Each structure stands twice: as structure tokens, then as C-alpha cells.
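Participant: fold the stuff below for me.
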Amino acid sequence: MPTSEVTLVLNQEPRATIIAPSDGPLAYAASELQRYVEKISNAKLPITTEVRTDTKAIGPTRIIFRIGSSAVKHDGFHLHVEGDDIIVEASEARGCIYGAYALLELLGCRFYGPAPIGVIVPKVKTLKLQAVLNLIREPAFMNRIPSSGTPEEQVQWGFNFTGVASSEESKRLIDRLGLKQFRWGHIWPILIGMRFFQDGRKPEKMDYTGHEDWLPANEDGVRSQTNQSLCLSNQYAFDWFTNNAVNWMFTNCQNADYVSIWSADTIRLELCRCRECFSKFRTPPYKSATDWYLLTQNAIRKKLDEQGWYNSFGWISYHGSEDPPNHVRLYEKGRNMDFLYAPRPRGGTQHGPLNNEHPLSFKYRQNLKAWLDYLDAQDYKGTLTVFEYYYDLILLGYLAEGRTFLIPKQGAIQEDMRFYHQRGFDGFFDCNPPSDAWFPDPLSRWIYHLLMWDLDLDLKSSQDDFFKHYYGPAADAVKESREAVEKLMFEEPSQKVVDELHSLEARFDIASSIASGDKIFVTRIEGMRLWVQYCALCKDSEFHAKVTHDFEKGRATEQAIRKLLNDNKDFLINNRFMSGEDLKLIAGDVVERNIVILPYEHQAEKVEKLILWENIPAPYVWEFALLMVVTANWRNGDASAGLILENVVKDNQELRDEAKEILGREVDHLSASTMLDVLEALSKKYRTFEALDYYARTGSSHKMDELLDQLSR
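Facilitator: Below you'll find the model as predicted:
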């Protein structure tokens, strides 16, 4: 008669044998299962490489790792029981590692974040599984690209990519894990400034002496090196640049499975203005650089094919290449290419998920539709990857809710990921400086990891599971306190809200006493207590910025935030709540940026609402927009301001006429890029950008406030 359970460990004695190959990902999966089972039960399960009858000497149970050609989709896994055997089966070897961690989760482990505090290992003497076990898991996104962690942590969290190996040792590790390798970045400036070689020579600085005609020309015909572009209508310059890109790839990332080369990190690329370049792609606005960008990427893809490199090569929709091209079509319908969609001006869901009705959400839905129409018209053969900014404090650090890691909300992430998946995206990445911050706990990022696999995830059940295992006996107390903090952080700032946040700190004395017998639980609770103190200070800073306008108190509060974090530096870093670099960003750059914007945060907020919801009559719209862009330099990127402005005034003929007069050229469409051209011209006229930058650097905030008051009038 079949039993209802299979036994792995009985009273700290092994009752199962692990069967797996001696090397590769299946061997790693077996070793991880063995390691954690021993941590749980003090029993070390033997590992053998062959399925033999004598493997049942210590017990009938066998745990078999194997590859099945049609087991599951992508790198998913099938975990099931056949008689006395526990089978972990995958179509790709890496899937067996995910299956091993799923098996460990059934035994009570959890892998929320970095060890030690992010990993849960129960202590029991006997381990059994239900004989009816039949679990199939397939990832929602085929390509899952991490922003932090070691390769071992990345595979533990469900990712299937890691950065390109930097040594033979790291390559051996990556091969053992079965991870894919990627390399990307704003490489164009490097390719313009340096020469690369495939014959082993070291890169050298590029000297354009004798090739001055390769350099981009400005409106006056003067050529100079900008490290943003070349005179790409010059065939010699074009061929040299694309060959140099191929040489860079074979020098730096030949073994990568995926490479994406991006242009300079700026919304307005300084393209060549010579007659040939200017007339090549005549669709206005000329500064939309995507045609030139994709023309170049196509040539690089073709040359890579000619040299036998057929892995994925990508381009990015971002800033200067945000809009689809008007003329260029993809080489071979984009075969072995990847479209990387990076809607940075959305600001990391601070305005909600992409499917809501906020003007920026609408703008980027339209933008994405244009890209997908462009790809569909060519019968696109490549992949699509999302490059989101969910935990990016460069974007979110000016918001009290953002800098305290309460944006994005988990429901918004789920809606976003469903939205992208429904439109055919098969890859996902989150750009999240500080990339290695797990403060106050790993809950939100763990949910994100789960959503890459299961878009129908029950968020409440997952949250309950997290609090139960992560905070143990203090789970209810911590959960109640955390929810109270979250509610207060999203309320309008007031002294009452700040006082209530401070009062919540005392609750953690009770939580710590409940968990006093376990050092790990106490450490986690102390991390949460520190976060509540941090939240209260961030809300206090917002209160002074938006309500009291007492900028001295606001600056003092920001300095208190810096002191709180620095005073707890060792605790935060040693327990992996954040890295030293992350602490430097949060206590340094983010604090400094909030000090800078304190004097006109309330003004910027009013202007933003005005631009968003009212039709400002000309000519004041340009002055308000200039103020918006100036403040946005510290708040959410000037691209957002341009897009907000475009949404309001795009059909205003009077403003188009004004733009034409300011720029001295025809303006057929008030795109974000054209808007920013106008604002740049106005800033030169009024020298506002320069004045604000000076006052920001010298700390003369009251003078900056006076300047903004004058400008807004």
C-alpha cells in the first residue's frame, strides 16, 4: 500500500539519498539541498551520481534531479513524487536549482533576501513531504535580470542572468549555476573616446588628428569631439565606430548571452549638424536620434553575425532614443536583438501603475504602443525587455514615501508587470539605486522576485507568510505597526502625523520583548524600529518643506536623518540591510538633494499641479515650465517636466508660434525634446539655470527662493 508521506530525515538520521550528476547546475542543486537539510535537521543526506538499488540502504526515499526535454516551459521546474522518489525535473539545467529551493521552502525554509537575516532555516528533527506532491512552476518572464546580489544569491532569488564574468574563477561559478551573462550600459561615449582591438592590445585613447571630418559639427559648422556622437553620414567614421563597437564587445564581453549598447545618458544627444547628417532623416524634430541610433545598432548586429556571434544584441528606448524611428527598419526583422524599454520619466510608479490615467502614464502607454506598432509592422523576431525604476532613490528620494522605500506599492508592481506581460514582454529588470538596500526588510523586493514567476500571486497570502516567518512570535505586533507607519507616510504632512510616527517607535519595545529569545528575530525588529525613526524624520522634513516653510528646521531635520543613518552604520551594513555605497547614497546624496530643494519644494509642488491640471495661458506657460524644469533637476528629471508640459500645450498654436520665434526655426510639433530646447534657450536668456546652480552649490537657499518667487510671478 502506498504511503501518504515520504521521509527525508527521521530523528536527525538521513532517510533519503540525493541523486544528481557530479558537476554543473544539477550538482549545485543537490549540494544546496544537502547543505540546507543538514542545517534544518542536523542530518547530512548522501549524494550519489547513479540511480542504483543500493541507494535505498539508508531509506527508501530518493531525491532525483534530472533534465527532461519537454518537462516545463523556459527554465521552470516540475517537482513531484513517484512512489518513494522525489523528482526535481527541468527542461534547462538551471531549473533544477530553482526546484531545489522550492523543495526547501516546502520543508520550511525561506529565501527572502541576503543571509543571515534574509534567510529562514527552521530547526526540526524529522522532515517529511506529502506523497501527493505535484508542483509545476514556470516563470512569467523568460529573462530575469538582477540589479544586485552575488551570482549564488541571484539564482536563489529566481533570476537567470548575472553580470559578465570578470575572471576564470567567476566564469566557473557562473557555469556551475547555469546562469546567463549580460553586459549593458551607456557605451557610446567610451566607443568615441577609446580605440579597442581584438588582437589583445590594450585600449588606447582615440586621436582624431587627421580625421577631424569624423567629428560632429554644430549649427555653425564647427566640428569638435563631444563623446556623444560622430559625423555618422561620413561612411569612414560610421564604419570605424561600428567596427570599434564590435572590437569592444570581443574585448569585454565576448561570452555574454546578452549585450545592449546605449548612447550617452542625456535626453538630447548632440548629433552632427552638417548638411549631410541633417538631411539624412528629415522628419522633425531632428534631435530625435533614434534613426541614427538604430542605423548604427543594425550595422553592429550585422558585423557580429559575420564574426559568428549570434547571441542577443539590444538597443534601448530611453531619453534621446525614446521615440521610435521614422525611417530605419531593423536588420533581419530584429532577429537575435532585444528591445529594452526604459520609461524613466514615469518616476518608478510614484504616480501609480502604468495603466492608470495620470498624464505621464498615458504618455508612456502611447509611446509604448508606437514602439510595438513599429515592431509588429516588421514581424519582429527578437525579444522585449522592461527596464523599470521601482526602487530608484535618484527618482524617488525627494518624496518622503519614496526615500523610505514605500514606493512602489506592491499592488502597483503587480499591475505594471501584468501590463507589460500582456503586451509580449519576456524580460524584466529593475534599476534601483541603492541596489543592495533591503531596508527595513526584504518584503517588497521579495514580492517583486515572486512576481517575475507568478503574476497571479496572492499578495495578502505572501505578505502573511513573510511576517509569520521573518518576525516569528512578534509577527502580529510588527505587521500592525508597519501598516500604521505606511498609512501615516501617505497622509498629508502635519505635526500630528509626525508625532504619531514618533509614538510608534515605543511599540517595538514590546515586539523585541516577545522575540527576546532569538537574536535574529531581535535584529530584524531593531531594523524595523530604526526604519520607523527614519520615517518620522523624513515626514518631519516634508512637513517643514510643504507646510511650515521653516527651512532652518527642515535642514536640521535632514542633518538628523544623516546622523541617524551614520550612527547606525555598522548595524545596517553588518546585517545586510544595506551596503556601504547604499548608505552613502541615502545619507549623502539624497539628504543633500532634499536640503537643496527645501526652499522651493512647496512652490514646485504647486507649479507641478498647475501644469498638470490647468491650461496656463501664454506667455506664462514658458516661465512656469522653466521653473518646473529647474526644480525637476533635483526632483524627478527634466524629462518629466517636458512631458508634463507637452501633454498640456501640444495643440496650442500660439505656443508653437512662440517656440518658433524663440528657436528661430519651424516647430511642427511640441515634443518633449522641443520643449526642452525652448526652455534651454529661455534659460540662456534669463540665466536662470546658471543662477540656480550657483545658489544651490553655495547653499544660498533664501536667494534661490527669491529668484523662484520672481520667476513664478
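Participant: going forward, measure contacts between C-alpha atoms and count neighbours the same way
Facilitator: OK.
Participant: give me the pLDDT value at Arg66.
Facilitator: Note for Arg66: predicted pLDDT of 96.
Participant: and it, which of the three is it?
Facilitator: strand (DSSP: H, G, I helix; E, B strand; the rest coil).
Participant: show me the shaky parts of the stretch 1-150 of the chain.
Facilitator: Along the stretch 1-150 of the chain, the model assigns pLDDT under 70 to residues 1-3, 51-58.
Participant: and the helices in it, which stretches?
Facilitator: Per DSSP state H, counting those that start in this stretch, the stretch 1-150 of the chain has helices spanning 25-41, 93-106. These are given in chain order.
Participant: how about these in CSV, adding mean neighbour count and distance to Gln228?
Facilitator: CSV is the format used below for these (neighbours: other CA atoms under 10 Å; distance: least, CA to CA, whole Å):
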stretch, mean neighbour count, distance to Gln228
helix 25-41, 22, 42
helix 93-106, 24, 40
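Participant: including distance to Arg665, could those helices go into JSON lines?
Facilitator: JSON lines is the format used below for the helices of the stretch 1-150 of the chain (distance: least, CA to CA, whole Å):
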{"stretch": "helix 25-41", "distance to Arg665": "61"}
{"stretch": "helix 93-106", "distance to Arg665": "57"}
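Participant: minimum distance to Ser317: which of those has it?
Facilitator: helix 93-106 (30.2 Å; CA to CA).
Participant: which other helices and strands contact that closest one?
Facilitator: helix 25-41, strand 61-67, strand 77-82, strand 85-90, helix 151-156 (3 or more CA pairs under 8 Å, 6 or more residues apart in numbering; DSSP states H and E).
Participant: picking up where we left off before, for the helices of the stretch 1-150 of the chain, which one sits closest to His74?
Facilitator: Of all the helices of the stretch 1-150 of the chain, helix 93-106 comes closest under CA to CA, at 8.4 Å.
Participant: gap between the closest one and the chain center?
Facilitator: 25 Å (CA atoms, centre = their mean, to the nearest Å).
Participant: how about the helices and strands packed on helix 93-106 in CSV, adding distance to Ser224?
Facilitator: Shown next, in CSV, are these (distance: least, CA to CA, whole Å):
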stretch, distance to Ser224
helix 25-41, 51
strand 61-67, 57
strand 77-82, 55
strand 85-90, 55
helix 151-156, 42
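Participant: of all those, which lies closest to Asn255?
Facilitator: helix 151-156 (16.2 Å).
Participant: any residues touching the closest one, and which ones?
Facilitator: 97-98, 101, 111, 114, 146, 148, 160-162, 173-174, 177, 179 (CA atoms under 8 Å, 6 or more residues apart in numbering).
Participant: nearest residue to Val328 other than its sequence neighbours?
Facilitator: Asp291 (5.5 Å; CA to CA, 6 or more residues apart in numbering).
Participant: same question, Val121
Facilitator: Val121 sits nearest to Cys109 (CA to CA, 6+ apart), 4.9 Å away.
Participant: repeat for Pro60
Facilitator: Looking at Pro60 with CA to CA, 6+ apart, the closest residue is Asp84, at 6.1 Å.
Participant: that neighbour and Val132: what is the separation?
Facilitator: 11 Å (CA to CA, to the nearest Å).
Participant: repeat for Ala515
Facilitator: 36 Å.
Participant: which one of these two is surrounded by more residues?
Facilitator: Ala515 (19 against 14; other CA atoms under 10 Å).
Participant: residues in contact with that one?
Facilitator: 472-474, 521-522.
Participant: what's the pLDDT at it?
Facilitator: On the pLDDT scale, Ala515 gets 89.
Participant: kindly report the same for the one 3 residues further on.
Facilitator: At Asp518, the pLDDT value in this model is 91.
Participant: coming back round to it: any chance of the contacts of Ala515 in TSV, with secondary structure and pLDDT too?
Facilitator: Converted to TSV, the contacts of Ala515 look like this (DSSP: H, G, I helix; E, B strand; the rest coil; pLDDT from 0 to 100):
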residue	secondary structure	pLDDT
Gly472	helix	95
Pro473	helix	95
Ala474	helix	95
Phe521	helix	95
Val522	helix	95
